[in-house]
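In: curious how this folds, go ahead:
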Amino acid sequence: MEVEKSGQYALSFRVASDTEGGRFHITAGGKPLGSRLNVPNTGGEQKWVILKNDPVQLNEGSHRFRLVTEVGGYRLSWMEARMANAARQGDGPDPPEE
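Out: All right, here's what the predicted structure looks like:
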């Protein structure tokens, strides 16, 4: 991912699961980025919800993220990083639907 401006970024993930207990976290440069996220039972494999992580500091430049699944059993549609002050609902375009 190319970060154009250093700052606090909110990370969002679109997930679905027909069971509870899924868990994952993100790393960048081999270091944890944000907190662990628990995936709830969303009501089915096509019932999508958006999970949000606490804002994280990203510096300008190129970054490679790795999603580390601690406990599987969920589906991930997309991940988004948006400047924290622009991550409020209704600001900017919605991420793509799958």
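
In: how about the strands in this protein?
Out: 2-3, 7-17, 22-28, 31-39, 44-52, 56-58, 61-62, 65-71, 75-83 (DSSP state E).

In: so residue 84 sits right up against residue 57, yeah?
Out: No. Contact criterion Cβ atoms under 8 Å: residue 84 and residue 57 do not qualify, at 9.7 Å. (C-beta placed from N, C-alpha, C; glycine too.)

In: which residues do the two both contact?
Out: Shared contacts of residue 84 and residue 57 (Cβ atoms under 8 Å, 6 or more residues apart in numbering): 7-9.

In: which stretches of this structure have low pLDDT?
Out: Counting by pLDDT under 70, the chain shows low-confidence ranges at 86-98.

In: circling back: most surrounded residue in the shared contacts of residue 84 and residue 57?
Out: residue 9 (24 neighbours; other Cβ atoms under 10 Å).

In: quick one: that residue and residue 63, what's the gap?
Out: From residue 9 across to residue 63, the span is 10 Å (Cβ to Cβ, to the nearest Å).

In: anything in contact with each of those two?
Out: Here residue 9 and residue 63 have residue 3 as joint contacts, going by Cβ under 8 Å, 6+ apart.
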